[in-house]
Structures are given as structure tokens and as C-alpha cells.
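Q: Build the 3D model from these lines:
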Amino acid sequence: MSCNGCRILRKGCHENCILKQSLEGIESPDAQANATVFVAKFFGRAGLTSFLSSVPDSQRSALFQSLLFEACGRTINPVNGVVGLLWTGNWHLCQSAVETVLQGGTLRALPEFSGMTASPKEELDLELTSGWLRPVRGMTGGGKVNQRTEKRKEPTSSLNSDESDTTTFESCFVYQQNQQGNDTKLLRLFF
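A: Numbers count the residues shown, from 1 in each chain. The predicted structure is shown next:
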């Protein structure tokens, strides 16, 4: 008879099954199946079996549990994963996520990582009105998006000239433009 891991992954099971040894720490058959599907979706079926076959039999259950926690941690905190949750004192969120997976629930990223924290009414306002940027409406649902206007520096020297032009902070066009009373100092690195 197939173990719950092999049954849910629809793979052949044998007496020395890697998944069977790995799922010993999870009590209910449904929880074993849910955990196997979740970890296999996250790491891939081949990746999961590769991880499990690389450790001794006695450590497979602990490794599977570790992979389950890492997959849950990365799902709810895609930036820092389970280590970030532990570091910030939010280990209980990872434990809740594991319980949710074992019960067959669905996980989503925490609000601060899902991009849903900012209200749709907030607008990007860079406060750069020195002639370089102008607001454009209608590109993102009525919000302001700043777009650069074409304003070029007059060439100070040519390639064939005997003069040399060294770019310094003081020679930057934005710096010269802002010396007319504005204290904002920007280098033109990627404009």
C-alpha cells in the first residue's frame, strides 16, 4: 500500500520509501498529504526527493519538517522567509502558517509583502519641479506619474576640441541649475 506522500504525488511507493520515513512526525493522513503537496509545489517533486535522499534515514523527518517551515515562511514572508520571521519575533506566524497547511488551507503573503499596504488613492509625488519632470495623468488609474521632459545641456566641448571637460559635482547641470536659490543637490548619474 502506498504511503500518503506517494499517494498524493501519484508516484510509486516501496518498502523503503523516502517520503514514508519523512512523514512519520505528522500524525493524520490528511495532514501528511497536505504537507507533501505544499512542500512539493514549493521545492518541486524532484527537489524534494533529492533533499530527502541526501540525508540519513534518521534525519529525514526533521528535514521534511524544516522544509515545510521554510516553504511556509517563504510564502508568507517572501523577502526574508522563516529566518526573517524568527528574527523579527514573528515565529508564531510561521507556526500558524504550518498549521494552516496541515489543515489544507491556503497561504498568502503578509500584507506588507503583498503590495496591498498602500491605498490606491496614494499618489507618487516626487516634488521635483525644476523643469526636468512634469506630471502625467491617466497612466495608472488617475494617479500622477512623473515623466521627464526633454531638456538637454548645451555641449561644452567637442570630441575634436583641444579642450578637456572633466565632470565634477560642481559641473553637473542639475547642480548649476539648483544654485539659483534651491538647496537640493543631485548628481546626474542615470538621467
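
Q: can you give me the helices for the protein?
A: Remark: helices assigned in the chain by DSSP state H are 4-9, 18-22, 29-43, 45-53, 60-76, 81-87, 91-102, 111-114, 173-178.

Q: tell me the most buried of the ones you listed?
A: Of all the helices of the chain, helix 18-22 has the most neighbours on average by mean count of other CB atoms under 10 Å, namely a mean of 22. C-beta coordinates here come from the backbone N, C-alpha and C atoms, glycine included.

Q: Check what contacts that helix and list those residues.
A: Residues outside helix 18-22 that contact it (CB atoms under 8 Å, 6 or more residues apart in numbering): 3, 5-6, 9, 13, 36, 49, 52-53, 57, 60-61, 63-64.

Q: can you pull the pLDDT of Ser119?
A: In this model, Ser119 is scored at 45, pLDDT.

Q: from the contacts of helix 18-22, which is closest to Asn80?
A: Leu63 (21.2 Å; CB to CB).

Q: Run through who's touching stretch 86-94.
A: Contacts of stretch 86-94 (CB under 8 Å, 6+ apart): Phe69, Cys72, Gly73, Ile76, Asn77, Asn80, Val82, Leu85, Leu110.

Q: can you tell me which residues contact the fourth one?
A: Applying CB under 8 Å, 6+ apart to Ile76 gives the contacts Leu85, Leu93, Cys94, Ala97, Leu107, Arg108, Ala109, Leu110, Phe113.

Q: Swap in 10 Å and give it another go.
A: Under the criterion of CB atoms under 10 Å, 6 or more residues apart in numbering, the neighbours of Ile76 are 82, 84-85, 90, 93-94, 96-97, 100, 107-110, 113-114.

Q: for the third one, same thing?
A: Gly73 sits next to 80-86, 90-91, 93-94, 97-98, 107 when contact means CB under 10 Å, 6+ apart.

Q: can I get the contacts of helix 18-22 in CSV with pLDDT?
A: Converted to CSV, the contacts of helix 18-22 look like this (pLDDT from 0 to 100):
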residue, pLDDT
Cys3, 78
Gly5, 78
Cys6, 76
Leu9, 77
Cys13, 77
Thr36, 90
Thr49, 88
Leu52, 90
Ser53, 89
Asp57, 88
Arg60, 89
Ser61, 90
Leu63, 91
Phe64, 90
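
Q: need those in CSV with distance to Leu23, can you?
A: Shown next, in CSV, are the contacts of helix 18-22 (distance: CB to CB, whole Å):
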residue, distance to Leu23
Cys3, 7
Gly5, 5
Cys6, 10
Leu9, 12
Cys13, 11
Thr36, 7
Thr49, 13
Leu52, 10
Ser53, 15
Asp57, 13
Arg60, 9
Ser61, 7
Leu63, 12
Phe64, 7
